[in-house]
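K.L.:
Sequence plus predicted model, see below.
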Amino acid sequence: MIRQKAFTPSGKLPPVLPVVLYNGEKRWKAAQNVADLVELVPGGLERYRPDLAYLLLDEGAIVSDPAWSDQMRNVAAALFRLEHNRDEQDMLKVLGTLVEWLKAPEQTGLRRSFVVWIRRVLLPNRAPEMELPEFTDLQDLHEVHDMLAERIKKWPEQWEARGEVKGEAKFLKMQIASKYGECPDWAQSKLNAADSEQLEAWGKRIFRAETLEELLSD
C-alpha cells in the first residue's frame, strides 16, 4: 500500500475493519478481542498486550434479531436469512424482497451474483438430492424467483419418491450384508445411484447371484 501510495488525505494508511463471518448452528461465544486471549503481564507491561477487536457477524443471531428486519433493506441480512430459511415459503419471501430491493438498473451485477450463489450454494445445500434446473437462460433474479415458485410446489412429491427409493436401497443393502458380507464402497455407490426399477431387478437377482459382483453387474 505504501508503494502504491494508497494513503488517506491525511497521509496515513487507510483504516482496517476486521470481520468474522460465522454461520455455524451454535452461537459464537469466543473472545471478540485478541487482548482477552493473552495473559496479563504485571509490572506496567500490560499496555503492550495486543489489542485487536473484530466485527462479529453471527448469521444465526442476526436472522433472529428484530433489529435486522425487512424494513432495514439490508442485503446482508437477506442473504443470511436465505442460508437459514425456515422453509420453502420463507425462502421465496426473502427472494421476493430481494427482487424488489435490487430492481434498479445499477444493481444488475448484484442481482446476477445472487443468481450464481443460489445456483451453486443455496439450492445444492437446500435440496442436495434433487435434480436442479440449469440457470443458463436465467439472466436475472426475478426469473429465478418465478421458477422456484413453480418448482417448490412439486418438492414434497419429489422428496416422497426419493424417500421410497432410499428405503428400497437400504433394504437391499441389508440383504447384501446378510448374504455377501459388508457392503463395499463401490457397491454402495451403485446403490445410491440406482433408481427404483434397478433396485427391484437386483432384489430379484440376489436369490441366484453367487457373488456381489454378479449381483450388481450390468
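P.N.:
In hand now; what should we look at?

K.L.:
For this protein, which segments are assigned as strands?
P.N.:
Assigned by DSSP state E, the chain shows strands spanning 19-22, 55-58.

K.L.:
Output the contacting helices and strands for the last one.
P.N.:
This points to strand 55-58. strand 19-22 (3 or more C-beta pairs under 8 Å, 6 or more residues apart in numbering; DSSP states H and E). The C-beta positions use only the backbone N, C-alpha and C, and glycine is treated the same way.

K.L.:
picking that back up, looking at the strands of the chain, which is buried most?
P.N.:
Mean neighbours per residue, mean count of other C-beta atoms under 10 Å, is largest over the strands of the chain for strand 55-58, with a mean of 15.

K.L.:
Adjacent strands (with direction) for it?
P.N.:
Strand 55-58 sits in its sheet next to strand 19-22 (parallel), going by DSSP bridges.

K.L.:
And the pLDDT at the residue of the chain most remote from its centre?
P.N.:
Each residue of the chain has a distance to the centre, and by C-alpha atoms, centre = their mean the biggest one is for residue 43: 49.5 Å. Confidence at residue 43, expressed as pLDDT, is 84.

K.L.:
what's the answer for the one 5 residues further on, then?
P.N.:
Residue-level confidence at residue 48 comes out at 86, pLDDT.

K.L.:
neighbours around it, how many?
P.N.:
Around residue 48 there are 8 other residues, counting by other C-beta atoms under 10 Å.

K.L.:
re the thing from before, how far away is the residue farthest from the centre of the chain from residue 35?
P.N.:
Remark: distance between residue 43 and residue 35 (C-beta to C-beta, to the nearest Å) = 17 Å.

K.L.:
about what we covered before: out of the strands of the chain, which comes closest to residue 101?
P.N.:
Of all those, it is strand 55-58 that lies closest to residue 101, at 19.1 Å by C-beta to C-beta.

K.L.:
Check the average confidence over the closest one, would you?
P.N.:
Per-residue scores along strand 55-58 average to 91.

K.L.:
For that strand, which outside residues touch it?
P.N.:
17, 18, 19, 20, 21, 22, 27, 28, 32, 76, 80 (C-beta atoms under 8 Å, 6 or more residues apart in numbering).

K.L.:
returning to that earlier point: save the strands of the chain as JSON lines, and put in distance to residue 92 too.
P.N.:
Formatted as JSON lines, the strands of the chain follow (distance: least, C-beta to C-beta, whole Å):
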{"stretch": "strand 19-22", "distance to residue 92": "25"}
{"stretch": "strand 55-58", "distance to residue 92": "24"}
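
K.L.:
If anything else comes up later, I'll come back, but that's it for now.
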